[in-house]
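>>> generate a structure from the sequence data that follows.
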Amino acid sequence: MSLDRLEVEKIAHLARMQVSGAELDAVAEDLSDILDLVAQMDAVDTAGVAPMAHPLHMAQRLREDKVTETDQRDHFQAIAPATENGLYLVPKVIG
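Numbering: from 1, shown residues only. A predicted model of the protein is given here:
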């Protein structure tokens, strides 16, 4: 798929990106190359391929779930303007 300067200007406007006139041709070529690559990948038959979460077949090393820090909530909340039941109270922002 080939994008022209006008399409790149429109895409840049929608993406709120500033692309100078000198950059338009290079950006159009780069975006066209990306879209061509996506089209090539889309054309590959993946019907028999099982989805995978990670490309490596490794087990995740897990650490022991234990407390490593002391509870300092009361210390930190002592300087807060307002707290209630262990929570920080803040002014309502959205009305």
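>>> and for Glu7, nearest residue in space, chain neighbours not counted?
Ala28 (7.4 Å; C-beta to C-beta, 6 or more residues apart in numbering). Yep, even glycine has a C-beta here, placed from its N, CA and C like the rest.
>>> ok so the one you found is a strand residue?
No - assessed with DSSP: H, G, I helix; E, B strand; the rest coil, Ala28 is helix; it does not lie in a strand.
>>> any idea how far the spatially most central residue of the chain is from Asn85?
Residue closest to the average C-alpha location in the chain (C-alpha atoms, centre = their mean): Ala15, at 15.3 Å. Ala15 is 44 Å from Asn85, where distance means C-beta to C-beta, to the nearest Å.
>>> repeat that for Val8.
Distance from Val8 to Asn85, by C-beta to C-beta: 54 Å.
>>> tell me which stretches of the chain form strands.
When assigned using DSSP state E, the strands of the chain occupy the ranges 83-84, 87-88.
>>> Arg63: which of those is closest?
With respect to Arg63, and counting by C-beta to C-beta, the nearest of these is strand 87-88 at 28.7 Å.
>>> what about that closest one, average pLDDT?
Averaging pLDDT along strand 87-88 gives 95.
>>> give me the sheet partners of that strand and which way each runs.
Sheet pairing of strand 87-88 (DSSP bridges) gives strand 83-84 (antiparallel).
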